[in-house]
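**Q** when you get a sec, could you give me coordinates for this:
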Amino acid sequence: MQNNMIDLPIRGVSINWDKIDRQSYLRNIDAIKNMEHLDFNKRITMFVGENGSGKSTLLEAIAVNYGFNPEGGTRNYNFSTYDSHSGLCDAIRLTKGISKPGWGYFLRAESFYNVATAEEIYSREDPYGRRQMFHEHSHGESFLQLAQTSFKGHGIYLLDEPEAALSPQRQLTLLLEIVNCAKEDSQFIMVTHSPILLGIPDAEILSFDDGPIHAIDYEDTQSYQITKMFLDNKDELLRRLLTEDGE
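**A** The predicted structure follows:
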C-alpha cells in the first residue's frame, strides 16, 4: 500500500523485531507478528478487529513513539497513574511526512478521567484564564467537549475507542467533527467498534482479524454485520441466544 497522493504527518510504521524479546506476547499477536511495514493512505484510518487483536497495542505504540503521553493528552503532557504500555513503542519506526502538524492529541476512552484531570490542572496556568472543568459534566459530555476543543486543522489525532463514552447521537456529532477537521489537512488514526464512526466516507478501514492487517470494506466489518443482523432479525436472534443459554 502506497500513499503518494497526500502528505500525512504519519505515513507509515515499521517494526524492528530484533528489539522485541523472544518471549514477548507481541510475537503471538496474529495481526502484527509478521508485520514489517504498514502504510497509511488516507487522512482517516480505522483499526477494527475483535478484542485482543492488537489494535490498541499498535495505536498506543504509535502514539508513544510519536511523543504523546501513554495515557493520553498532547505531546506536552507528562503524567502517569499506571505504567502499562508495551515495549512495542521502542521497536517501531514511524515514516513521517514533509509537513509538520501544528497540533496533536492522543485520546483514549480507558484513561479519559486521568486526562480530564490533567487538563483541569494545566488550564490553571493558562495566561488568559481559560479554565477547563470537564469533571463538572457527564462522562460523555466532557469527552465530546474535550474532542471539540482539541481538534484543529493541520493536526495529528490518535483515538482509542472514542465511542465508548458517547451515545449514538453524540457519535454522529463526533463523526462530523472528525470529517471537518480532516478536511483541514488533519490526520486521524482510530481504533473503533462503532458502526457509526466506521461509516465515515472515504476512510480506510484496516482489519486486525483473520491474519495480517489488511484493508476491508465497511460492509465487511463485524461491527456492521452484527449490528445489521441484530436490527434486521432482533426477535429471532434473541430467541436463539436465550434458548441456547437456557439449555
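**Q** and stretch 192-210, C-alpha only, in CSV?
**A** This file holds the C-alpha atoms of stretch 192-210, laid out as CSV (Å, rounded to 0.1, in the frame of the first residue of the first chain):
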residue,chain,number,x,y,z
THR,A,192,-13.2,1.8,17.0
HIS,A,193,-16.0,-0.8,17.1
SER,A,194,-18.7,1.8,16.2
PRO,A,195,-20.6,1.1,13.0
ILE,A,196,-21.4,4.8,13.0
LEU,A,197,-17.8,6.1,13.1
LEU,A,198,-16.8,3.3,10.7
GLY,A,199,-19.2,4.8,8.2
ILE,A,200,-17.1,8.0,7.7
PRO,A,201,-16.8,8.4,3.9
ASP,A,202,-13.5,7.7,2.3
ALA,A,203,-11.9,6.4,5.5
GLU,A,204,-9.5,3.5,5.2
ILE,A,205,-10.5,0.6,7.4
LEU,A,206,-7.8,-1.9,8.4
SER,A,207,-8.8,-5.2,9.9
PHE,A,208,-6.8,-6.9,12.6
ASP,A,209,-8.8,-10.1,12.3
ASP,A,210,-8.0,-13.2,10.2
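**Q** contact partners of the longest helix anywhere in the chain?
**A** What stands out as the longest helix in the chain, according to DSSP state H, is helix 168-183. For helix 168-183, contacts defined as CB atoms under 8 Å, 6 or more residues apart in numbering pick out 43-44, 140, 144, 147-148, 151-153, 155, 157, 162-163, 166, 188, 190, 194, 196-197, 199-201. Every C-beta, even on glycine, is put in place using the N, C-alpha and C of the backbone.
**Q** among those, name the buried ones.
**A** 43-44, 144, 147, 151, 155, 157, 162-163, 166, 188, 190, 194, 196-197, 200 (16 or more other CB atoms under 10 Å).
**Q** any idea which of those the model trusts least?
**A** Lowest in pLDDT among the buried ones among the contacts of helix 168-183 is A147, which has 80.
**Q** could you list every helix and strand in contact with the one helix or strand it maps to?
**A** Using DSSP states H and E, A147 sits in helix 139-150. Here helix 139-150 touches strand 103-108, helix 112-123, helix 168-183, going by 3 or more CB pairs under 8 Å, 6 or more residues apart in numbering; DSSP states H and E.
**Q** ok, of these, where does mean pLDDT dip lowest?
**A** Confidence, taken as mean pLDDT, is least for helix 112-123 of the helices and strands packed on helix 139-150 (a mean of 51).
**Q** what comes up buried for the longest helix of the chain?
**A** 170-171, 174-175, 178-179, 181-182.
**Q** rebuild those residues as a markdown table, extending it with distance to G102.
**A** Converted to a markdown table, the buried residues of helix 168-183 look like this (distance: CB to CB, whole Å):
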| residue | distance to G102 |
| --- | --- |
| R170 | 27 |
| Q171 | 27 |
| L174 | 21 |
| L175 | 23 |
| I178 | 18 |
| V179 | 19 |
| C181 | 12 |
| A182 | 15 |
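**Q** ok, which pair from those is furthest apart?
**A** By the measure CB to CB, R170 and A182 form the most distant pair in these, at 18.6 Å.
**Q** span of stretch 14-26 from start to end?
**A** 14 Å (CA to CA, to the nearest Å).
**Q** run the chain-centre distance for it.
**A** Mean-position distance between stretch 14-26 and its chain equals 22 Å (CA atoms, centre = their mean, to the nearest Å).
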